[in-house]
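Engineer: predicted structure and sequence below. I'll ask about it afterward.
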Amino acid sequence: MLDKQHGTIKLLSEFSGDGRMLNSGYHWQSKLLDTNTKNRHQLIFRPAPFSHQPAVYKKGKGPKGKRRKYGGGTRNIDEKKYNPKFSYDITLTILENNKIVGTHKANLSMDRIDMIRQEYINHYDIKRYGRGENGNIPIPKRNEISSIPDKPEKLAGNPLTESQYKLIINDGMLDLAKKISMAYTNNLNKLKSEDSFYDLKMNKLNIPDNKLWVTSGWRNPERNEWYSNAVNGIHQRGGAVDLIIMAPANSRQSSIGYWVLWNALEEKKADINAYWQLESNGRPMTTREFKQDIEPANGIPDAFDKADHLHANVKY
């Protein structure tokens, strides 16, 4: 049968879905295996799914200015309730002429990779924040989830994930971060040596020695739901990275830093081969803001005055 979450699977026996709650958990009884079924030693079963709790997550601050109590998954909340790690105790009974001739028992338990994949399954059909169509985030295969790679020494900042799983999906974000970091450093050194960087009023700018800092990489769906407005955010695919200029927010030092960074990326556009945008509180800077200087009137375009980070993602 066709399964929209996992592709094509073959069901030899199917659970009824009408489970009973026992002290030890749920209990399902499968149908008897068809006598014409081949490969009877390979039993694929599909029990009724656990529900995603709550059905719709909420994001942002509550009435007292604090983060809502749910929406963070395993990063900020009790994973036993919101993304339960569950296991199956399986009993296979072999019948011959309606008599039991053999019984086999086994336990199948989720590992961390299973739990990550379960988050994607849980979020597959959720219309989040009441906007538009379903997110339909791709569900990763097991071999797409790996240990967290080490960052190069010159690539400063946080680990490439905030997840507590100690695993990661890296679909090009590490390579992208390295390219951006190298482009920024090279442009910074070039401008400092040439001493020829000017604002909109053609005043020469002194180039501060700002460091570039990685703030975010891969996010598991529940972390992304708590943190981001992007329903189909590429951070969940391991193909996006956020970086900041290490300088006081909205300062002249910070503004010049983002301007240097932006010029570096524009000059190396063909080599980097990605998408990027400056953002402020999740809002992308507009084309107009790259050309105007309204407030403060300091000779630097508004886009760089307002920016609090750079978002970049690979092309899909």
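Structural biologist: The structure has been received and is ready for your questions. In this text the structure is predicted, and so the values were computed from the model without any measurement. Numbers count the residues shown, from 1 in each chain.

Engineer: domain-wise, how is the protein divided?
Structural biologist: Domain assignment for the chain by automatic domain parsing gives 2-129, 146-314.

Engineer: looking at the ones you listed, which has the lowest confidence?
Structural biologist: Of all those, the minimum mean pLDDT falls on domain 2-129 (a mean of 62).

Engineer: what segments of the stretch 151-300 of the chain are strands?
Structural biologist: Along the stretch 151-300 of the chain, the stretches classed as strands by DSSP state E, counting those that start in this stretch are 167-168, 211-216, 240-246, 274-280, 283-284.

Engineer: contact partners of the second one?
Structural biologist: The contact list for strand 211-216 (Cβ atoms under 8 Å, 6 or more residues apart in numbering) reads 151, 155-158, 160, 162, 177, 180-181, 184-185, 227, 235, 241-246, 261, 309. Every residue, glycine included, has its C-beta placed from N, CA and C.

Engineer: ok, the first one next?
Structural biologist: Residues outside strand 167-168 that contact it (Cβ under 8 Å, 6+ apart): 112-113, 116, 145-149, 160-161, 217-218, 238.

Engineer: ok, of the residues you listed, which come out buried?
Structural biologist: 113, 116, 145, 148, 160-161, 217-218, 238 (16 or more other Cβ atoms under 10 Å).

Engineer: most packed of the strands of the stretch 151-300 of the chain?
Structural biologist: The highest mean neighbour count among the strands of the stretch 151-300 of the chain, using mean count of other Cβ atoms under 10 Å, belongs to strand 240-246: a mean of 24.

Engineer: what comes into contact with it?
Structural biologist: Contacts of strand 240-246 (Cβ under 8 Å, 6+ apart): 156-157, 160, 173, 176-177, 180-181, 210-217, 233-235, 254, 257-258, 261, 308-314.

Engineer: run me through the strand neighbours of that strand, direction for each.
Structural biologist: According to DSSP bridges, strand 240-246 has the following sheet partners: strand 211-216 (antiparallel), strand 309-314 (antiparallel).

Engineer: let's have these in a markdown table, adding distance to Lys192.
Structural biologist: Output for the strands paired with strand 240-246, formatted as a markdown table (distance: least, Cβ to Cβ, whole Å):
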| stretch | distance to Lys192 |
| --- | --- |
| strand 211-216 | 14 |
| strand 309-314 | 20 |
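
Engineer: out of those strands, which gets nearest to Met285?
Structural biologist: Across the strands paired with strand 240-246, Met285 has its closest neighbour in strand 309-314 (10.1 Å, Cβ to Cβ).

Engineer: now for the nearest residue to Asp271 once chain neighbours are set aside: which residues touch it?
Structural biologist: Nearest non-adjacent residue to Asp271, counting by Cβ to Cβ, 6 or more residues apart in numbering: Lys179, 6.9 Å away. Residues near Lys179 by Cβ under 8 Å, 6+ apart: 268, 271-272, 274.

Engineer: and Asp171, by the same measure?
Structural biologist: Applying Cβ under 8 Å, 6+ apart, the residues contacting Asp171 are 144, 237-239, 314.

Engineer: the nearest residue to Phe290 once chain neighbours are set aside in helix, strand or coil?
Structural biologist: Using Cβ to Cβ, 6+ apart and skipping the chain neighbours, the partner closest in space to Phe290 is Ala303 (4.5 Å). Put simply, Ala303 is helix when judged by DSSP: H, G, I helix; E, B strand; the rest coil.
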